[in-house]
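[1] My questions are about this predicted structure, shown below with the sequence.
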Amino acid sequence: MNSVVFHIDTDDSVRLSKAFFSAKNLLEAYKDDGIQIVFIANGDGVKLFTKDRENSLKDEMVNLHKKGVKFMVSQNALRETHTALDNVLEFVKIVPSGIVEMVNLSKAGYQYIKA
Amino acid sequence: MNSVVFHIDTDDSVRLSKAFFSAKNLLEAYKDDGIQIVFIANGDGVKLFTKDRENSLKDEMVNLHKKGVKFMVSQNALRETHTALDNVLEFVKIVPSGIVEMVNLSKAGYQYIKA
Amino acid sequence: MNSVVFHIDTDDSVRLSKAFFSAKNLLEAYKDDGIQIVFIANGDGVKLFTKDRENSLKDEMVNLHKKGVKFMVSQNALRETHTALDNVLEFVKIVPSGIVEMVNLSKAGYQYIKA
């Protein structure tokens, strides 16, 4: 099984949108074999996965989520950036630590890509 | 065999030039063992591998290419950034998707470095 | 043994400080299993590991160093950025090439994270 983890740590919606484009290309290329894609936000990146962001970004995330892409935010980073838990989009999983999740996924064979 | 893939996704020639410096250091360090180095541009990074860029950058690329370094650009990204195919430097390989190439090279044992 | 290498290549103390936060989270999460963390600076990142930087940054580094985190700078990058060897903080190891060290650590099983 192919698997990729995208690391997003800046509050930069253009950069994230380009990573979404990459994810769509991966889904298309591996549509027969299957691929597991996870986006993990830490640092200021967590702000991108909140309800008060631009609708176009949320729409892209919803579409990817429907295709099986997973989204995670770091609770440590939410705390550091004073981002309320209930502001996080419903389908985003809140993990205790984004970096720990990334290291664990990498150990499990996920390919790391820095967005 | 040692192998490294450099990921470049911003139109930033200073950043690319620093990655070229890293590539030169790798070639020097592994001159006896051998090393395969690939640069893959996607996103706005594809603009750096075009004919209309600064000559100093092109000269560096030609020198690295002569030493066996490979350059690839994502056709998906060329389309997204409205970059003409015939503007891509002759020795740069156009691949259907940069991200798919990166994931495939990583699976083949290439070490990922984000430029 | 878990092991992570952080790659820092910009002179951006905010970015480095966020990577330190990640390192602290890793140390906490793996306090029972143990984890080896290495920061490698190349490019303009080497300036962050010098004596003339802000005390808050140096204090954070000293604290992480006491917990077993290792710091390395690239001698090639020190030369390129005209940074004096004796300006590098005492506990930072000067390696001939940062990128070569990163590739070697990755081959040894270290998980690469771009700061």
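    Everything's here; your move.
[2] Assign a three-state SS to the residue sitting furthest away from the middle of chain A, would you?
    Most distant from the centre of chain A: residue A:32, at 22.7 Å, with distances by CA atoms, centre = their mean. Following DSSP: H, G, I helix; E, B strand; the rest coil, residue A:32 is assigned to coil.
[3] Now it, what are its backbone angles?
    Dihedral pair for residue A:32: phi -90, psi -40, per degrees, to the nearest 10.
[4] Relative to chain B, how far out is it?
    Here the criterion is CB to the nearest CB, to the nearest Å. By it, residue A:32 lies 13 Å from chain B. C-beta here means a position set from N, CA and C on the backbone, and glycine is covered the same way.
[5] mind checking how far that residue is from chain C?
    Computed as CB to the nearest CB, the residue A:32 to chain C distance reads 29 Å.
[6] for residue A:113, what are its contacts?
    Applying CB atoms under 8 Å, 6 or more residues apart in numbering or on different chains to residue A:113 gives the contacts A:4, A:5, A:6, A:7, A:19, A:22, B:7, B:99, B:102, B:103, B:112.
[7] isn't there a strand covering it?
    Yes: assessed by three-state DSSP, residue A:113 belongs to a strand.
[8] So in terms of bridging, what pairs with it?
    Residue A:113 has these beta-bridge partners by DSSP bridges: residue A:6.
[9] Next, the distance between the ends of stretch A:84-101.
    End-to-end distance for stretch A:84-101: 20 Å, by CA to CA, to the nearest Å.
[10] hmm, that stretch touching chain C?
    Yes: residues of stretch A:84-101 are located near chain C by CB under 8 Å from any CB of the partner chain, namely A:96, A:97, A:98, A:99, A:100.
[11] what about the most centrally placed residue in chain A, which helix or strand?
    Residue closest to the mean C-alpha point of chain A, counted by CA atoms, centre = their mean, is residue A:39 at 2.2 Å. Assigned by DSSP states H and E, residue A:39 belongs to strand A:35-41.
[12] what are the pairing partners of that strand, and which direction each?
    strand A:2-8 (parallel), strand A:70-74 (parallel).
[13] Can you point out the buried residues in the last one?
    Applying a neighbour-count criterion of 16 or more other CB atoms under 10 Å in any protein chain shown, one finds A:71, A:72, A:73, A:74 buried in strand A:70-74.
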